[in-house]
Every structure is written in C-alpha cells, then in structure tokens.
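Asker: pasting a predicted model and its sequence here:
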Amino acid sequence: MLNNIMLKTLRDKRKTLLWWAVGITLLDIWYSLMFTSIEGDLSGINQMMENELIKGLLGGAHNLATPEGWLGAELLPLLGPLVFIVFAVSFASSTFTGQEEKGLLNVLLANPITRTTVFLHKFSAMALGTLSLGLAFWLSNVIGTSLANMDISFLSLAEVTFSLVLLGILFGTLTLALGGLTGNRGVGTGASSSIGVVSYLLNSMSEVISGLKPFRPVSVFHYYRGGEILRNGLSWFDILVLLAGIVVLFFIGLYGFNRRDIGV
Amino acid sequence: MSEPLIEVEELTKYYGKHRGIIDLSFSVSEGEVFGYLGPNGAGKTTTIRTILDLIRPTDGKAWVFGRDAHLDGEEIRENIGYLPGELSLFDDMTGVETLKYLANIRSGVDWDFVDELGERLQADLDQDMAELSSGNKQKIGLIQAFMNRPSLLILDEPTSGLDPLMQQEFFKLIEEARKNGQTAFVSSHILPVVERLCNRVGIIREGKLVAVEEIDDLKAGVLRSLEIHFAGAPPRERFENLLGVEEVVLEENRLRCKVVGELDDLVKEAARYEVVNVISHEPNLEEIFLKYYESEGQEAMEGGPNNA
C-alpha cells in the first residue's frame, strides 16, 4: 500500500472506508427488510405522499407497494446521495487540503514528482474509494432485496448505484477543485456541502414550486434520477453531464493547484 | 570555482502584504557547505521553499543545477534531499514505513545506507510517528534527506531537537557528505552550528541578505562574551588594553568582557593568575547583525535593530 500516492491515500482512509461500508450495508439491508414488514399497511404512508411537498422531497409520487416505489421513496433520492456526497467530500478534504494543513504535502512535493501527479493520485484515490463504497451499496441492496423477496433486477440496482457513485465523485472533485484553488480545507468542505444542499432543494422543490422549474437543470440532482432509474433505466445524457462536470472540475482544481503556494 | 549549484537572483516573496524575502541574490558552489544564518522569521524557510518550488516567488528567480527551479522542478528534486524546518510526517506510520513510502516516490535509495544511518543516529524505526518525540522524528527526517545520497542537501534547522551527541553525529554526516562531493545548504539560527559546519555563510535578517562571508571572516568578527573566574582578583587594567578585548568588568574575582577575533592575548594574560573557571557565552546573533549594520552605515540603521 506504500507503492504510490494513490494507494497510500487509500491506505490512510482504509478504516474510514470500512466503517462507511459496514454502515451502508446495514442501512440497505434494514431498509429492504422494512418493505416486508409494512408491505400490508402502506395506506398511511401513501396518504402522506399525497402531500405535494413531502412527495417532492422524497423523490416524487410512486406506489410504495412496489419495490421500485419503495426504494425510490427515501433510500435512493435522499439517503443514498447524502451518504455518497458526505463520504466523497470528507474523503477529498481530509486526504488533500487536510494533509496539506498538517504540512504533509510539503514533504511529499519536495520529492521528484509534479503537482499534477499528486492531484491525479488524490483524485483517483477519492474516485476509487467512492467506487468501493458503491460496490458495498450495490451488494447490500442485492442481498437486502433478495432477503425481502423484492422483485428487482440486479442490473437496475447496478445502474442506480453507478449514478450515485458518479454523483459522489462529482462532489468529491468539487472539493478537490476548491482545495486546489484555495488550499483551504474549510472552503472546500463548506462550499461543497452548501452547493449540495442548495442543489438538492432546488431540484426537489421544483416539483412543487413551478417558478423554480426553469432553474432545475442547474441542479446537479437533476442528472441523478434516483428511483426513476429503476423504472426507466439510465439516461446516458445524465451520465455524460455528470462525467463532464467531473472532468471540468478536475482541470479547474489542477490549474489552481499548479499555480499556488503549498501550505506548511 | 565550478558552476553554481544554487543560484538565486533578486528573489522576492511577499505573502499578501507580509514580507517573506526581499531581493535576495547569492549562489552556492558545488561541494561547499553553505550556511544560511538568521533569526527565526528572517525568511530562511521562505528562501528554501522557493528554491524547491513549493512556493512561487513574487519576483526574481532561482536556478538549481543550472536549471530553472520552477520549470524543471521535478528533475531538480531528483537530486535533492530536503529536511523541512517544521517536519510533519504521517502519524500512523512507522519510521520504516515512512522511509519505504518516500523511497518509492524517489529513486536510488540504498537500504544498507538507511540501516547505517538509523544505527548511527539511534533512530527508532519501528514506532508510529505519533509516539515519537520531536527529536526522534527529526532523526527520521534526516535519514530521508540523506538516504539516496543526493548531490544537494537542503536542511532547514537540522539540529533542532537533537541532543548534543546526535548533533555530533550529524556534523560527521555532513563532513562525510562533503568528502563525497555532495553540496549542502544548511539553515540555522544557531551560530555555532553554522561555524562548525560551513565554509561560507549567508546572513539573512528581516527578509534581506545582510552579508555573505567566508566562515573564517565571520568568526574573526564575532563578538564573544567571556567570563573568567579567578582565585583572587586580578588587576583590571591589565585586561583593558588587550587587543580585541572590550567592555571589561571586574566584580570581585570575576572578570567579564567581550572579545572580537582571537582569544590568544586574553588567555595568555589570564594564565598569569590562578583561573578557577571559564564560561563562554554563545554569541548573540543580534550583535553580529549590528556589526554588519554599522558597517553598512546610516541607511541600514533604519530597520532599527532591537538589540536589547
């Protein structure tokens, strides 16, 4: 694990990654098992979903009695993105500007490596870490839905997981980009989190408030469709937008990092 | 003299409005041990970090091995061993792991030499960094700087945290490196360290290079405070007119004075009486600076050296 900066970075976060994977596995299995226990009595929840605001916040109106509807009601629109974004943002900030603020990049960059190499390795570690979490998410949903006898294809689960992973990586890259530009850990985490929350609210509120609708494409969440992916499959346009966002943010961060002073 | 190994021209760095270094120009030749002397906050670390391309100068330029410090940084650092002034290492890694990781990023690490360095510096390579004292961490820092026998060693306050015995070992390492043809750039705020190690010394104060001197010239000008305890009071006037001796004060059996340059006359005079003890105080950097400021004249006094 000490062969290069990327592996070393993953090594630094191995415990964090493990606990996140355990947590998300328990969450997913528990969430699926809930489906069996309340399958018979969904009238109350379905009634609640008639409230437009709640419906919007929970990813739109669907029949909760179906596996797609159940997974698409809270896990996919709300909990999943929350987990992946928080994971990727904190991974990116602690391994990049977090280490810089401890003076560790000072030692690293005095070696015969370029800043581009370091940035690329930090990005790859964050992306691989998020992907590993995605693997845990997919596997635990496969297990959970099987245990709960939910009729849902593993491929659909993989598709929605892929979309979640990209969403996480996009926010992780945003944190790296802000860190690359400013070298400040607080700016990276703070701004990324705020953008995440605003983006989420803009997207879900526009279900209810028609005046917000025109602005919906500005929200990153517009390109992550959650439960809808289970019903209609992946939209390649959405994937391309997320990927393009990652690439653009990566180069912005790289540009900033190559220009600025390294902190002690 | 061969090509300069480090060349710095009108190097200036401001952090926003804060002064880092101002208009520095000097060069270091191959094979020399160059001392970089100045009080804390004078700009030593800023100079070093600019040479390593960790920070970017506001103005001016630096070359190492004849190459542009910024454009060719990667190739340049191939042959540099660097010890940071404020050393940070990974808390959850042992010395061996730290060195292995850094060796994977660099090339040309000789593990027999690493073992030898570890033994000589009595470094604890199996403890996590978090559990090591700053002195023991410093040893790991020194090993990683020396471990691939780089042609240029850049050491920022290398003796900090080292006990006297380890300092001696470090002096030996530098001596051996010099014999190997390696060049060293050593920053310190401690005059005796620089005196002991270096051929030449650059003196920096408040971001400006005050002087670059051969070490012998520097030593000749250093004002030392001496205290000699006699068995009985010697006649004060015998000491007052000695060459290089100033500010003679006699309190009972104790003689205090300041000496510039050689101590020969003073020691010979003192030997006429029964000497109980001799105490030599470390020369005060501020006093050295004051001397250079005085020689620079009025303009230099504007900075107002606060030699309390």
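Answerer: The structure has been received and is ready for your questions. Numbering: from 1, shown residues only, chains lettered A, B, ... in the order given.
Asker: and the strands in the stretch 101-250 of chain B?
Answerer: Ranges of strands in the stretch 101-250 of chain B, per DSSP state E, counting those that start in this stretch, are B:152-156, B:183-188, B:200-205, B:208-214, B:223-230, B:245-251.
Asker: dump these to CSV, plus mean neighbour count.
Answerer: Placement of C-beta: from N, CA and C, glycine included. Shown next, in CSV, are these (neighbours: other Cβ atoms under 10 Å in any protein chain shown):
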stretch, mean neighbour count
strand B:152-156, 25
strand B:183-188, 25
strand B:200-205, 23
strand B:208-214, 18
strand B:223-230, 17
strand B:245-251, 14
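Asker: so for residue B:30, which of those sits nearest?
Answerer: Residue B:30 lies closest, by Cβ to Cβ, to one member of those: strand B:183-188, at 5.6 Å.
Asker: give me the sheet partners of that closest one and which way each runs.
Answerer: Using DSSP bridges, the strands paired with strand B:183-188 in its sheet are strand B:33-37 (parallel), strand B:152-156 (parallel).
Asker: let me have those in CSV, extended by mean pLDDT.
Answerer: Output for the strands paired with strand B:183-188, formatted as CSV (pLDDT from 0 to 100):
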stretch, mean pLDDT
strand B:33-37, 96
strand B:152-156, 97
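Asker: circling back: now the strands of the stretch 101-250 of chain B in JSON lines, with distance to residue B:41?
Answerer: As requested, the strands of the stretch 101-250 of chain B are exported to JSON lines (distance: least, Cβ to Cβ, whole Å):
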{"stretch": "strand B:152-156", "distance to residue B:41": "13"}
{"stretch": "strand B:183-188", "distance to residue B:41": "12"}
{"stretch": "strand B:200-205", "distance to residue B:41": "10"}
{"stretch": "strand B:208-214", "distance to residue B:41": "13"}
{"stretch": "strand B:223-230", "distance to residue B:41": "23"}
{"stretch": "strand B:245-251", "distance to residue B:41": "29"}
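Asker: of these, which is nearest residue B:169?
Answerer: For residue B:169, the closest of those is strand B:152-156, at 14.0 Å, according to Cβ to Cβ.
Asker: output that closest one as CSV, restricted to C-alpha atoms.
Answerer: What follows is strand B:152-156, C-alpha atoms only, in CSV (Å, rounded to 0.1, in the frame of the first residue of the first chain):
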residue,chain,number,x,y,z
LEU,B,152,22.4,18.6,-2.9
LEU,B,153,21.2,18.5,0.7
ILE,B,154,18.9,21.3,1.8
LEU,B,155,18.5,21.1,5.5
ASP,B,156,16.3,23.6,7.4
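Asker: what's in contact with it?
Answerer: Residues from elsewhere that reach strand B:152-156 (Cβ atoms under 8 Å, 6 or more residues apart in numbering or on different chains): B:5-6, B:44-45, B:48, B:51-52, B:64-65, B:79-85, B:142, B:145-146, B:174, B:177, B:182-187.
Asker: where does chain B have low pLDDT?
Answerer: B:1-2, B:284, B:290-291, B:293-308 (pLDDT under 70).
Asker: need the residues of it near chain A, please.
Answerer: B:15, B:45, B:49, B:52, B:54-56, B:73-78, B:80, B:82, B:84, B:86-90, B:92, B:97, B:100-102, B:104-107 (Cβ under 8 Å from any Cβ of the partner chain).
Asker: residue B:64 and chain A, how far apart?
Answerer: Going from residue B:64 to chain A by Cβ to the nearest Cβ, to the nearest Å gives 12 Å.
Asker: right, and that residue touches residue B:51 too?
Answerer: Yes: the criterion here is Cβ atoms under 8 Å, and residue B:64 meets it with residue B:51 at 6.3 Å.
Asker: shared neighbours, those two?
Answerer: residue B:6.
Asker: mind listing the helices for the stretch 201-308 of chain B?
Answerer: For the stretch 201-308 of chain B, the helices defined by DSSP state H, counting those that start in this stretch cover B:215-221, B:237-240, B:264-270, B:285-296, B:298-301.
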